[in-house]
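Asker: need a 3D model of the sequence below.
(4 chains)
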Protein chains: 2
Amino acid sequence: MVLEQKQTLVTRSGASRVMAILDALASADPAVFPDGLSVADVARMLGREKSVVSRQLKSLLETGMVARRSSGRYELSWRLFALAVRAGDQRLTKLAAPLLLRLTETVRERTYLSVLSDGEVLTVLSEGSRRSIEAANWVGRTVPVHRSSSGMALLMDYEDKYILEMVRRGENGVSEREAREFLAQVHEARRRGYSVANRIFDPELLGIGAPVRDFTGRIHAAVNISGPAFRIEPHIQAFGGHLLSAVKALQASLCSDTRPGADPSDL
Amino acid sequence: MVLEQKQTLVTRSGASRVMAILDALASADPAVFPDGLSVADVARMLGREKSVVSRQLKSLLETGMVARRSSGRYELSWRLFALAVRAGDQRLTKLAAPLLLRLTETVRERTYLSVLSDGEVLTVLSEGSRRSIEAANWVGRTVPVHRSSSGMALLMDYEDKYILEMVRRGENGVSEREAREFLAQVHEARRRGYSVANRIFDPELLGIGAPVRDFTGRIHAAVNISGPAFRIEPHIQAFGGHLLSAVKALQASLCSDTRPGADPSDL
DNA sequence: AAGGGGCGGTGCAGAAAATGCAACGTCGTG
DNA sequence: CACGACGTTGCATTTTCTGCACCGCCCCTT
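Answerer: Numbering: from 1, shown residues only, chains lettered A, B, ... in the order given. Reported below is the predicted structural model:
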């Protein structure tokens, strides 16, 4: 797909030479090259001398950016993966903060970013609505999974059996009816894309949550809106929409290109 | 063979220069550098000329690997994350995730998937037990080979000589006694099929690990269970059994899934 | 306002890479 | 066994990078 005129711009800087090779390794369809790329493969893709590619790959190998399979072919190494994971955690809260702020401005209710921790929902970030009546700031606190919209969002990808077990285990006072109700809510959330906890945590509170996926596609966190039920109830759909676009923006800024079919030649 | 030894701290090849900068950006403590790193920060970390770092960062900026915040400071950018999605063995992580989940469900301790990377054990995936006391999530981090059950599992197929060499190279503080003890543990692991690291990484931790082999029989990764020694110790055999069947299932799915390019379009 | 210090960035000559060609050993395959 | 493809290396040339000095900028202090 991308094999065309690379040599025009590619030879500028050292970093972009490195990137060209990494890009080639990354963009190789694993179905076509299930075992990595050979020196010659990369050389053909980039239209360069195989000797050059050989030496560059050797260099990249020493730095740990690429790995060599037993077949002698090259692939992107785990080290790159580790790099991204480490940096990804930092990025989440950093990038989420302004988005929470914007979301709060839109819906005028308190918004939260939370993660799953020890089987409970841990709030890591929150932005207040500056209205006199609003949900409380729960940063640093945990909430049982089954009592919040974030919990529903965080569990969206798990299997039903697992969700039920998790809910039951979370707190000893969970009735079977409650658990099944929660599960039904999760199912609805999957359909809609966002979860709704209407007077579940508190008879006066209504929460709307959506999952945030990291670059691996796993649900890493959840964003939710929470506030007085009487005020939010009429706007559930609208708020859900806002929430979804906020999360989408967050994911985009976390990693703008995770679609495997996407052509990374947008530079 | 590499004829020359690394004589200086300063890096030799262009690729490792790039990697050094990315490493610096990734490993910066977000508490200390909440807004990315400045040119001078990176230059100090790497002990290099700021002019060099400035030019390299500019180059990396053009490739999209790093981004510049409004403050002028640098941070890792989407390009790296886009690369990281394709790094490592995507098939492995994807297929392992549900299996880790199931295993965790069974043993109620944190489970890990790790690979050998640069002579260290890199945790690639982890699933928490949702108990209040459990081992920590180490995804993206590395652990010395000789201090974990995964390390034992990953090295199971190597020859003794090589294992010892690897252990000694891993960390300079490895005593001869420790190394031989590790080797003995690996031998036991071969016999049993799974490895046990009882209070080795940490005086309170116990890990049980098993190797994951691809269809050629080569060890590609390791799955391990880790948690408080007092809780796991009575169930080592049972957990080992569960671990082995989980790994067996994972290996089966690795072989049967013929669609390596299956796309993670779940974003 | 002036000075000091840290910052990011640039010009330049010398130093140190990468480059491309040719050649070599090594695999499989026909 | 010859053939072609592959990965790798030696070498002269070219290109790039390096380190130093220096500049303009901003912020803080005096």
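Asker: break chain A down into its domains, please.
Answerer: Taking automatic domain parsing as the reference, chain A has its domains at A:14-76, A:86-254.
Asker: any idea how far apart the tips of the first one sit?
Answerer: So the one you mean is domain A:14-76. Length of domain A:14-76, first residue to last, CA to CA, to the nearest Å: 18 Å.
Asker: distance between it and the chain's centre?
Answerer: Relative to the centre of its chain, domain A:14-76 is centred 27 Å away, using CA atoms, centre = their mean, to the nearest Å.
Asker: show me what the mean pLDDT comes to for that domain.
Answerer: Mean per-residue pLDDT for domain A:14-76: 88.
Asker: wait, does that domain contact DNA strand C?
Answerer: Yes - Domain A:14-76 lies within reach of DNA strand C by CB under 7 Å from any atom of the strand, at A:14, A:17, A:48-49, A:51-52, A:55-56, A:59. Every C-beta, even on glycine, is put in place using the N, C-alpha and C of the backbone.
Asker: show me where the stretch 101-250 of chain A dips below the pLDDT cut-off.
Answerer: Scanning the stretch 101-250 of chain A for pLDDT under 70 picks out the ranges A:118, A:170-173.
Asker: thinking again about what came up before, and which of the residues of domain A:14-76 next to DNA strand C is nearest to residue A:74?
Answerer: Ranked by distance to residue A:74 (CB to CB), the residues of domain A:14-76 next to DNA strand C are led by residue A:56 at 10.3 Å.
Asker: tell me the secondary structure for the closest one?
Answerer: At residue A:56 the chain is in helix, as set by DSSP: H, G, I helix; E, B strand; the rest coil.
Asker: how many residues are close by it?
Answerer: 24 (other CB atoms under 10 Å in any protein chain shown).
Asker: and the gap between it and residue A:152?
Answerer: 48 Å (CB to CB, to the nearest Å).
Asker: what's the answer for residue A:55, then?
Answerer: Taking CB to CB, one finds residue A:55 at 53 Å from residue A:152.
Asker: what about the two, which has more around it?
Answerer: residue A:152 (33 against 13).
Asker: wait, the more buried one sits on residue A:208?
Answerer: No - using CB atoms under 8 Å, residue A:152 makes no contact with residue A:208, being 9.8 Å away.
Asker: give the residues shared as contacts by those two.
Answerer: Residues within reach of residue A:152 and of residue A:208 at once, by CB atoms under 8 Å, 6 or more residues apart in numbering or on different chains, are A:195, A:197.
Asker: give the residue farthest from the middle of chain A.
Answerer: residue A:51 (39.2 Å; CA atoms, centre = their mean).
Asker: can you tell me the element that residue falls in?
Answerer: Secondary structure assignment for residue A:51, by DSSP states H and E: helix A:50-63.
Asker: pretty sure residue A:141 sits against residue A:124.
Answerer: No - applying CB under 8 Å, one finds residue A:141 not in contact with residue A:124, separated by 10.3 Å.
Asker: neighbour count: these two, which is higher?
Answerer: More neighbours surround residue A:124 than the other of residue A:141 and residue A:124, with 16 against 13 (other CB under 10 Å).
Asker: residue in the stretch 51-200 of chain A nearest to chain B?
Answerer: Closest to chain B within the stretch 51-200 of chain A is residue A:119: 2.7 Å, counting by CB to the nearest CB.
Asker: tell me where chain A has strands.
Answerer: Applying DSSP state E to chain A gives strands spanning A:66-68, A:74-76, A:110-117, A:120-127, A:142-144, A:195-198, A:205-213, A:219-228.
Asker: if we can go back for a sec, for the residue of the stretch 51-200 of chain A closest to chain B, give its distance to DNA strand C.
Answerer: Distance, residue A:119 to DNA strand C, by CB to the nearest atom of the strand, to the nearest Å: 42 Å.
Asker: dump the residue contacts of that residue.
Answerer: Contacts of residue A:119 (CB under 8 Å, 6+ apart): A:145, A:166, A:169-170, B:128-131.
Asker: kindly write the ChimeraX command that selects the buried subset of these.
Answerer: Typed into ChimeraX, the line below selects the buried ones among the contacts of residue A:119, using 16 or more other CB atoms under 10 Å in any protein chain shown:
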select /A:145,166,170 /B:128,129,130
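Asker: and which of the contacts of residue A:119 is nearest to DNA strand D?
Answerer: Nearest to DNA strand D out of the contacts of residue A:119 is residue B:128 (CB to the nearest atom of the strand; 40.8 Å).
Asker: spit out the contact partners of that closest one.
Answerer: Taking CB under 8 Å, 6+ apart, one finds A:116-119, B:104, B:110, B:134, B:137 in contact with residue B:128.
Asker: mind redoing it with 6 Å?
Answerer: By CB atoms under 6 Å, 6 or more residues apart in numbering or on different chains, the residues touching residue B:128 are residue B:110.
Asker: which elements pack onto the longest helix along chain A?
Answerer: Taking DSSP state H as the criterion, chain A has its longest helix at helix A:78-107. Helix A:78-107 sits against strand A:110-117, strand A:120-127, helix A:236-254, helix B:14-27, helix B:78-85, strand B:110-117, with contacts defined as 3 or more CB pairs under 6 Å, 6 or more residues apart in numbering or on different chains; DSSP states H and E.
Asker: neighbouring contacts of the longest one?
Answerer: By CB under 6 Å, 6+ apart, the surrounding residues in contact with helix A:236-254 are A:95-96, A:99, A:103, A:106-107, A:193-194, A:208, A:210, A:212-213, A:223, A:225.
Asker: please apply the same query to stretch A:161-176.
Answerer: Here stretch A:161-176 makes contact (CB under 6 Å, 6+ apart) with A:119, A:144-146, A:155, A:179, A:182-183.
Asker: what's the spacing between residue A:65 and residue B:146?
Answerer: Residue A:65 is 25 Å from residue B:146, by CB to CB.
Asker: over to residue A:182?
Answerer: Going from residue A:182 to residue B:146 by CB to CB gives 45 Å.
Asker: so which bits of chain A are right by chain B?
Answerer: A:13-16, A:18-19, A:22, A:26, A:29-31, A:34, A:59-60, A:63-65, A:76, A:78-87, A:90, A:118-119, A:213, A:215, A:217, A:255-258, A:260 (CB under 6 Å from any CB of the partner chain).
Asker: buried ones among these?
Answerer: Here, 16+ other CB under 10 Å leaves A:13-16, A:18-19, A:22, A:26, A:30, A:59-60, A:63-65, A:76, A:78-87, A:90, A:119, A:213, A:215, A:217, A:255-258, A:260 buried among those.
Asker: count of residues packed around residue A:160?
Answerer: 12.
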